[in-house]
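> this one's sequence-less:
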Ligand SMILES: *Cc1c(COP(=O)(O)O)cnc(C)c1O
């Protein structure tokens, strides 16, 4: 009988709506790009995709995917270890290891799965996970699935991390888990200091490079490049769904024993389908493009610096950022929604975030810059921000 449950669900949905937290999907009718068309035919400039390197509609990737689909079919219809592994998957794993300077790599259907299946096979109730308070939901869920004792430290707070590491000496092994770039502020984790503390307190480091790989570091090799720690971090997770082409797929890369044990015991790997060969082939092509030349990485860095500088000069309050995420602080939740709606009217696609996604009184508009943005698109975005900023008295 559905009646009681249905009325409960309707009440819950009404509560979500009343709180102004009801999410609706925005429907795009063109390929993902810096300029898109949305349902109804409106052309907008896109500042809210994770398409950092502009590869989501890259012709080389599309060709690589088509070509491999013709050669190897549509899907694998199997998990990896039964009959879901082609040479293409093995090749992509090697290419990812080369990119990060790691020993071995295991692919997942998504980084959510990589993080979800990471901790439980490695640690028991005798061990500890020390997690940054602002870590991604998938790390939080992965930690929940593991029996290890949980410690939490304030975002990027190394004094707090040290305190938690001292407490965690009571356990056998310790993993420190952190995002590379935190997606709401765009700040980078202080991986150099984390690594130092890990050495001092005998801990292993896990960093999720989802928002940092392809973006951070001179050649976009992520936070391990930024802090000159290539090959030193034991566990890196990441996604093919952001800078690396924007399709699907996740990975864990790092020390070979860790990867080997994940292949034996990680549940999302053992009990979920392989990524299609065409996606693996496009993934290989992505890393080829990024190692062949630094054009996209350079353009992303130039675009981000340009955007942030112009926005600051215009008088906006921008969170310090070391990534392609630019948080334009408005503080007030209602203002953030009005601002985002007005920008959309101006043909600028952004997202306004407010509590509970960010702390109370910390509402903001998050802008994501891409290598695909032309200077003209950036200028149109900045001009629209200034126009709306004046209309809504955010700027004088
Ligand atoms: C986006 C993201 C994920 C999830 O990646 P998918 O491949 O889309 O599942 C995991 N961790 C972080 C930090 C992310 O930003």
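Received it, and whenever you're ready, just let me know what you need. For clarity, every value in this text was computed on a predicted model and none was experimentally measured. Numbering: from 1, shown residues only.

> Look up how far residue 274 lies from residue 107.
Note on residue 107: its distance to residue 274, by Cβ to Cβ, to the nearest Å, is 8 Å. All C-beta atoms are positioned from the backbone trio N, CA, C, and that covers glycine.

> what residues are shared contacts of those two?
Common neighbours of residue 107 and residue 274 (criterion: Cβ atoms under 8 Å, 6 or more residues apart in numbering): 80, 89.

> what are the phi and psi values for the closest residue in space to residue 243 that isn't next to it in sequence?
Spatial nearest neighbour of residue 243, chain neighbours left out: residue 214 (2.7 Å); criterion: Cβ to Cβ, 6 or more residues apart in numbering. The phi and psi values for residue 214, taken as degrees, to the nearest 10, are phi 90, psi -20.

> Check whether residue 214 really touches residue 51, as I assumed.
No: Residue 214 is beyond contact range of residue 51, at 10.4 Å (criterion: Cβ atoms under 8 Å).

> Can you report how many residues lie near the residue in the stretch 251-396 of the chain positioned nearest to the ligand?
Residue of the stretch 251-396 of the chain nearest the ligand, by Cβ to the nearest ligand atom: residue 251 (9.1 Å). Using other Cβ atoms under 10 Å, residue 251 has 30 neighbouring residues.

> show me what contacts residue 154?
Residue 154 makes contact with 133, 160, according to Cβ under 8 Å, 6+ apart.

> I'd say residue 219 and residue 226 touch.
No: if you go by Cβ under 8 Å, residue 219 and residue 226 don't touch, sitting 10.4 Å apart.

> Neighbour count: those two, which is higher?
When neighbours are counted by other Cβ under 10 Å, residue 219 and residue 226 differ, and residue 226 comes out ahead with 21 against 14.

> tell me the domain ranges of the chain?
In the assignment given by automatic domain parsing, the structural domains of the chain cover 21-50+294-391, 59-292.

> Of all the ones you listed, which one is nearest residue 3?
domain 21-50+294-391 (23.4 Å; Cβ to Cβ).

> The closest one: end-to-end distance?
Counting by Cα to Cα, to the nearest Å, you get 25 Å between the two ends of domain 21-50+294-391.

> Next, see if that domain gets close to the ligand.
No: using Cβ under 6 Å from any ligand atom, domain 21-50+294-391 stays clear of the ligand, coming no nearer than 6.8 Å.

> Contacts for stretch 192-201, please.
Stretch 192-201 is contacted from outside by 158, 161-162, 165-166, 168-169, 174, 176, 178, 203-205, 227-229, 232-233, using Cβ under 8 Å, 6+ apart.

> repeat that for 7 Å
Stretch 192-201 has contacts (Cβ atoms under 7 Å, 6 or more residues apart in numbering) with 158, 161-162, 165, 169, 174, 176, 178, 204-205, 227, 229, 232.

> Likewise for stretch 317-334?
With Cβ under 7 Å, 6+ apart, stretch 317-334 has contacts from 52, 181, 183-188, 211-212, 215-216, 300, 304, 307-308, 311-312, 316, 336, 339, 354-355, 361-369, 394.

> Show me the strands in this protein, by range?
35-38, 42-46, 104-108, 128-132, 149-153, 174-179, 204-208, 235-239, 250-254, 325-331, 348-349, 351-353, 363-368 (DSSP state E).

> show me the contacts for residue 117.
With Cβ under 7 Å, 6+ apart, residue 117 has these contacts: 108, 262, 266-269.

> Just grab the bridge partners of the residue nearest to residue 206 when sequence neighbours are not counted for me.
Using Cβ to Cβ, 6+ apart and skipping residues adjacent in sequence, the residue nearest residue 206 is residue 235, 3.9 Å away. Residue 235 forms beta bridges with residue 206, residue 254, as assigned by DSSP bridges.

> Just want the phi and psi numbers for the residue nearest to residue 304 when sequence neighbours are not counted.
Excluding its sequence neighbours, the residue lying closest to residue 304 (Cβ to Cβ, 6+ apart) is residue 369, at 4.5 Å. In terms of degrees, to the nearest 10, the main-chain angles of residue 369 are phi -90, psi 150.

> re the thing from before, can I have the buried ones of the contacts of stretch 317-334 as a PyMOL selection?
Those of the contacts of stretch 317-334 that count as buried under 16 or more other Cβ atoms under 10 Å are selected in PyMOL with:
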select buried, resi 52+181+183+184+185+186+187+188+211+212+215+216+300+304+307+308+311+316+336+339+354+362+363+364+365+366+367+368+369+394
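
> before we move on, back to that, relative to the ligand, how far out is the residue nearest to residue 206?
Computed as Cβ to the nearest ligand atom, to the nearest Å, the residue 235 to the ligand distance reads 13 Å.

> if I look at that residue, how far off is residue 341?
According to Cβ to Cβ, residue 235 stands 41 Å off from residue 341.

> Show me which of those two is the more surrounded one.
residue 235 (24 against 11).

> neighbouring contacts of the lowest-mean-pLDDT helix or strand in the chain?
In the chain, the helix or strand scored least confidently by mean pLDDT, DSSP states H and E is strand 351-353, which has a mean of 92. The contact list for strand 351-353 (Cβ under 7 Å, 6+ apart) reads 48, 184, 336-337, 339-340, 363-366.

> The nearest residue to residue 52 once chain neighbours are set aside: neighbouring residues, count only.
In space, and not counting its chain neighbours, residue 52 is closest to residue 243: 4.1 Å by Cβ to Cβ, 6+ apart. Using other Cβ under 10 Å, residue 243 has 33 other residues around it.

> can you check the one 10 residues further on too?
The criterion is other Cβ under 10 Å. On that basis, residue 253 has 26 neighbouring residues.

> Surely it touches residue 95?
No: counting by Cβ atoms under 7 Å, residue 95 is not a contact partner of residue 253; they are 10.4 Å apart.

> returning to that earlier point: would CSV of the strands of the chain with distance to residue 9 be doable?
Output for the strands of the chain, formatted as CSV (distance: least, Cβ to Cβ, whole Å):
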stretch, distance to residue 9
strand 35-38, 29
strand 42-46, 33
strand 104-108, 31
strand 128-132, 32
strand 149-153, 31
strand 174-179, 33
strand 204-208, 33
strand 235-239, 31
strand 250-254, 31
strand 325-331, 33
strand 348-349, 31
strand 351-353, 26
strand 363-368, 28
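
> Alright, I will stop here.
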